[in-house]
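S.K.: give me a 3D structure for the following:
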Amino acid sequence: MNVTIYHNPACGTSRNTLALIRHAGIEPTVVEYLKTPPGREELAAMIRDAGLSVREAIREKGTPYAELGLDDPALTDAQLLDAMLAHPILINRPFVVTPLGTRLCRPSEAVLDILPADAFKGAFAKEDGEQVLGESGERL
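M.R.: Alright, predicted model coming up:
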């Protein structure tokens, strides 16, 4: 299965999502989007395919969101996309794209919705110890 994760290795949610994908026996294409951001059309398509508005895909915490005035409701989607492309840290993470769909995987277990249900054969816990999958690979 072809899976791509737009990943930030400094983010726990992103690391947990990557670990869940690998737990399914899938080695994804890992795009460190802060180093290699998606293009405008690719970013817009991911946001649309995930069922989000552009505003919902913007990360506020730990970014220049406020100082750039991005909380202004008059800003258009095009202006918000411009800001995300100029400052990739504004792109919320992690986005995962699979043949079964596209998701912003917050929380990380949202990735389970777009991976084959039968791919999980054992238990899985997040970095903080929170159990996500049971011994039989069932979602908890």
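S.K.: so which residues of this protein form helices?
M.R.: For the chain, applying DSSP state H gives helices covering 12-23, 40-49, 77-86.
S.K.: give me the packing partners of the last one, helices and strands only.
M.R.: This means helix 77-86. Helix 77-86 sits against helix 40-49, with contacts defined as 3 or more C-beta pairs under 8 Å, 6 or more residues apart in numbering; DSSP states H and E. Just so you know, the C-beta spots here come from the backbone N, C-alpha and C atoms, and that holds for glycine as well.
S.K.: need the winner for burial among the helices of the chain.
M.R.: helix 12-23 (a mean of 21; mean count of other C-beta atoms under 10 Å).
S.K.: hmm, who's touching that one?
M.R.: Residues outside helix 12-23 that contact it (C-beta atoms under 8 Å, 6 or more residues apart in numbering): 3, 5, 7-9, 28, 30, 93-94, 96, 105-109, 111-112, 115, 120, 122, 124, 126-128, 132-133.
S.K.: then stretch 82-97?
M.R.: With C-beta under 8 Å, 6+ apart, stretch 82-97 has contacts from 3-8, 11, 13-14, 17-18, 21, 28, 33-34, 37-38, 40, 43, 46, 49-50, 54, 57-59, 62-65, 68, 70, 102-106, 108, 111, 114.
S.K.: ok, back up a step: relative to Arg139, which of the helices of the chain is closest?
M.R.: Each of the helices of the chain has some distance to Arg139 by C-beta to C-beta; the shortest is helix 12-23, at 10.8 Å.
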